[in-house]
Every structure is written in C-alpha cells, then in structure tokens.
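J.: From the sequence below, what's the structure:
(one chain, ligands or ions: 2)
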Amino acid sequence: PAIQLQAQAWLLPAFACSVDQQLWADIQTVIAQAALRQMQIPGGKTMSVAMTNCGDYGWVSDRSGYRYSATDPQTGSSWPAIPESLFDLAVSAAKAAGFDSFLPDACLINRYLTGCKMSLHQDKDEQDMTAPIVSVSLGIDAVFQLGGFTRTGPKLKVPLAHGDVLVWGGEDRLRYHGVLTVKQAQHPLVGGQRINLTFRKSN
Ligand code: MD3
Ligand code: FE
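T.: Ligands and ions are numbered 1, 2, ... in the order given. Predicted coordinates:
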C-alpha cells in the first residue's frame, strides 16, 4: 500500500523486496565496472557517501561543480547500462505512483557506511523537471529528512528500510531533503551498509 507523504511524494514500503537478490547482484556488477568513489563538492569538501552511476548519464561532482556526464571521469568510459532488473523496478514504481511514462536515463548509486550522511540539499541539476525521481533503499536502515522549499522550517523524519521505494513528482521534487548519520547495523543480504539507487531523467 502506497503512503502519501506529500501531494506528489509517495512511499512504497518494501516495494523492491521481491527482487532484492537480483538487484543486489546487478548492483555489484555495475560497481565492479564503475567503482564507488567519494566525490568532492565545490569548496573542496569530500562527501562521506561514495557514489557511482549507471545509465546514459551519471551525476558527478568536483571542485568546479555538479553536472551530468556521459562518461566516468575516473576512466573516460561510458557508464555501465542500467541493468534490466533496476530499470524495470524504477518504471513499475513510477507507474504505481501514477507516473505512466517514466524512462530514466540516469541511475545514481549511493553507498552509506556507518557514519555517513547526506546534508540537506535540493535536486535541481536535471533538465526535465516534469519527470519524477524514483529512489530505492537497500541494506541497513536510515532516517530520511524531508523539508520544504527553503533550507529552514520543519522537517519530516521518514525511516527508510530495505526495499522501500520513494517516488517524487511535480513541485515536491524541489523540496530540501537529506539523510541523517547512518548507525552501525548489519543486513543479511547487503551487509553493514546502505545502498540507495536514485533514478532520474537527466536530459
Ligand atoms: C526528495 N539521495 O541522491 S533518496 C540524492 O537516500 C539523494 O541517498 C538520498 O538525495 C539517499 O540526491 C535520498 C530520496 C530522494 C531522492 C530525490 C529527491 C528524495 C528526494 C528529490 C526531491 C525531493
Ligand atoms: Fe537528493
């Protein structure tokens, strides 16, 4: 049963659980081809979350800024294709939330070890702001923080567990959001880490 968090924000609890072994196997194949790495942000700090991508485009950051790139700056090669298991899951989750024609061209893979967090931010690097964003949580739990359209103001804390899927559309795409520091834990399939997949139409 979908839980409505906002006008156009949906939580699909455990939506990915039935395919988790195939997803995890395919994620590990992607990571073997495009390594997880901690990116720098403008200003020079290094993110605690390690990232890689699959798809036609990948989100990258360095001291000069954020952008979508068709190639992995670390190797100069194209990103691996989005594995069928990941693509099908993203499309079906979007459909379940009422977005019938979502064709993601980018999948960002975020890896949180114990102590990692993602500071409050907006996602506004995509060309097509009418497409939804689909996010899949795997592994150990985290608390997601959902705010408004400015950095200040009240924030909703949403616990995210293995297999949970979030779908964001329309105006709610521009809400500030982040992930609180991840606590040490173990997951039977994924181990002592949290993996988040974020599917987008970037171009
Ligand atoms: C709300 N990732 O990669 S996913 C990100 O869990 C990101 O790794 C977090 O924020 C993570 O940019 C949160 C849930 C999510 C994704 C996109 C959103 C929430 C969102 C876009 C708009 C509003
Ligand atoms: Fe984000």
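
J.: Please name the residues that touch residue 203.
T.: 56, 57, 68, 105, 106, 127, 128 (CB atoms under 8 Å, 6 or more residues apart in numbering). Heads up, the C-betas are built off the backbone N, CA and C, glycines and all.

J.: do the same with residue 35
T.: 52, 74.

J.: Tell me the residues of the chain that contact ligand 1?
T.: With CB under 6 Å from any ligand atom as the criterion, the chain meets ligand 1 at residues 108, 110, 118, 123, 133, 135, 144, 166, 168, 173, 175, 177, 179, 196, 198.

J.: Backbone torsions only: list them for the fifth one.
T.: The phi and psi torsions at residue 133 (degrees, to the nearest 10) take the values phi -120, psi 130.

J.: wait, what's in contact with it?
T.: Residue 133 sits in contact with 123, 167, 168, 169, 173, 198, 199, 200, where contact means CB under 8 Å, 6+ apart.

J.: okay, those residues in a markdown table with neighbour count, pLDDT and secondary structure next?
T.: Output for these, formatted as a markdown table (neighbours: other CB atoms under 10 Å; pLDDT from 0 to 100; DSSP: H, G, I helix; E, B strand; the rest coil):
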| residue | neighbour count | pLDDT | secondary structure |
| --- | --- | --- | --- |
| 123 | 19 | 89 | coil |
| 167 | 27 | 96 | strand |
| 168 | 24 | 94 | strand |
| 169 | 22 | 91 | coil |
| 173 | 20 | 91 | helix |
| 198 | 21 | 98 | strand |
| 199 | 30 | 97 | strand |
| 200 | 27 | 95 | strand |
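
J.: Tell me the secondary structure of residue 32, please.
T.: Secondary structure, DSSP: H, G, I helix; E, B strand; the rest coil: residue 32 is helix.

J.: quick one: residue 102 from ligand 1, how far?
T.: 14 Å (CB to the nearest ligand atom, to the nearest Å).

J.: Not counting sequence-adjacent ones, nearest residue to that residue?
T.: residue 94 (3.6 Å; CB to CB, 6 or more residues apart in numbering).
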